[in-house]
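Visitor: Coordinates for the following, if possible.
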Amino acid sequence: MGLVMEIILTFVLVFVIFGTAADPGGVGPLAPMAIGPAALVGHLVVPITGVSVNAARSLGPALLAREWANH
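Guide: Next up, the predicted model:
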């Protein structure tokens, strides 16, 4: 469940960034007003997944520590 949530939250965050800040037709200087809430929604899930919003950031340390309790 946590992995699926992380995938969805990462997709939403990257989609918002590409749609606002990286797109030439995006909102330009107002991009942080869209990116901030997208990141906030991801961080509201902290107790469930630990909110890395980056699979490599989660799996790398877990692999090295051999700790899989939250994966």
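Visitor: Now do the buried residues in stretch 39-46.
Guide: In terms of neighbour count (16 or more other C-beta atoms under 10 Å), stretch 39-46 has its buried residues at Ala39, Gly42, Val45. C-beta: built from backbone N, CA, C; applies to glycine.
Visitor: which regions of the chain lie under the pLDDT threshold?
Guide: Scanning the chain with the threshold set as pLDDT under 70 gives 46-47, 49, 55, 70-71.
Visitor: Does anything pack onto the lengthiest helix in it? Which helices or strands?
Guide: Looking across the chain with DSSP state H, the single longest helix is helix 2-17. Judged by 3 or more C-beta pairs under 8 Å, 6 or more residues apart in numbering; DSSP states H and E, helix 2-17 is in contact with helix 31-43, helix 46-49, helix 55-65.
Visitor: Distance to Ile17 added to these, as a markdown table?
Guide: Converted to a markdown table, those look like this (distance: least, C-beta to C-beta, whole Å):
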| stretch | distance to Ile17 |
| --- | --- |
| helix 31-43 | 6 |
| helix 46-49 | 20 |
| helix 55-65 | 16 |
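Visitor: winner for burial among these?
Guide: Mean neighbour count, computed with mean count of other C-beta atoms under 10 Å, is highest for helix 31-43 among these, reaching a mean of 14.
Visitor: hmm, back to that, buried residues, the longest helix of the chain. List them.
Guide: For helix 2-17, a neighbour-count test (16+ other C-beta under 10 Å) marks Glu6, Leu9, Leu13, Val16, Ile17 as buried.
Visitor: Gly19 - how many residues pack around it?
Guide: 16 (other C-beta atoms under 10 Å).
Visitor: Next, the contact list for it, please.
Guide: Gly19 sits next to Gly26, Ala34 when contact means C-beta atoms under 8 Å, 6 or more residues apart in numbering.
Visitor: How much space separates it from Gly26?
Guide: Per C-beta to C-beta, to the nearest Å, Gly19 is found 6 Å from Gly26.
Visitor: returning to what we had before: with distance to Leu63 added, can I get the buried residues of stretch 39-46 in CSV?
Guide: Below are the buried residues of stretch 39-46 laid out as CSV (distance: C-beta to C-beta, whole Å):
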residue, distance to Leu63
Ala39, 25
Gly42, 22
Val45, 22
